[in-house]
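Student: Next input, structure requested:
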Amino acid sequence: MSNASLKEQLQAVASQLSETTGKAPKPKNVLQPMAKAKKPKPRWLDYVQYGVELLKVYFPQGFKDINQVKPLKKGIKQDLLLRLSTMDKIVTEDKACMVKSLAYYVNTAAYHKSAVEGAMRYDLDGNPAGMISAEEARYSSERYQAKLKAKQTITE
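Tutor: Okay, here's the model as predicted:
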């Protein structure tokens, strides 16, 4: 059987299907390069995102959605550990997840973008707790720019 006759047979079957279903199947071009397969999300990312969601649930005034991120108080990790130690209804694994996810939260591009000179810092309850200094703002700006550059490199 030649390739030409096979192609004709496939076209005939496709036309019969389109007559019975009313839709013609889209032809696939086997010569086109395969689209890049999406990488599966790493497990650690699921873990820290879960931890951030827990932080938002238990401390809604301190932890906001990505478009409402506010700079956090210096020493917030110690405050979080102290507060979690008094919360008996939360399982230990979730407490550990929240503490580990804090580092992810404060290293997001949105967090660094929010840390500008003179901006207010907030505690777990959303109360003002200091201000961002010029040096801290410069550091955050550098981190933000590095994250943007890394993202551009990945997409190119």
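Student: Next, work out how far apart Glu93 and Gln78 are.
Tutor: Taking C-beta to C-beta, to the nearest Å as the measure, Glu93 and Gln78 are separated by 20 Å. From N, CA and C alone the C-beta is placed, and that goes for glycine too.
Student: Kindly report the same for Leu55.
Tutor: Distance from Leu55 to Gln78, by C-beta to C-beta: 15 Å.
Student: I'd assumed Ile76 was in contact with Leu124.
Tutor: Yes. With contact defined as C-beta atoms under 8 Å, Leu124 reaches Ile76; the gap is 7.0 Å.
Student: what residues are shared contacts of the two?
Tutor: Common contacts of Leu124 and Ile76 (C-beta atoms under 8 Å, 6 or more residues apart in numbering): Gly62.
Student: Which residue ranges of the protein form helices?
Tutor: For the chain, the helices defined by DSSP state H occupy 3-21, 43-58, 76-85, 92-105, 109-114, 134-155.
Student: Just name the most buried of the ones you listed.
Tutor: Mean neighbour count (mean count of other C-beta atoms under 10 Å) peaks for helix 109-114 among the helices of the chain, with a mean of 18.
Student: still on that earlier bit, among the helices of the chain, which is nearest Gln68?
Tutor: Of all the helices of the chain, helix 109-114 sits nearest to Gln68, with 8.9 Å by C-beta to C-beta.
Student: Contacts for that closest one next, please.
Tutor: Helix 109-114 has contacts (C-beta under 8 Å, 6+ apart) with 66-67, 69-71, 105, 140-141, 143-144, 147-148, 151.
Student: for the record, mean pLDDT for it?
Tutor: Averaged over helix 109-114, pLDDT sits at 87.
Student: tell me which of the contacts of helix 109-114 is nearest to Phe59?
Tutor: Checking the contacts of helix 109-114 against Phe59 with C-beta to C-beta, the nearest one is Tyr105 at 10.9 Å.
Student: which residues does the closest residue to that closest one other than its chain neighbours contact?
Tutor: Among residues not flanking Tyr105 along the chain, Val52 sits closest, at 5.4 Å (C-beta to C-beta, 6 or more residues apart in numbering). Val52 makes contacts with Phe63, Ser101, Tyr104, Tyr105, as judged by C-beta under 8 Å, 6+ apart.
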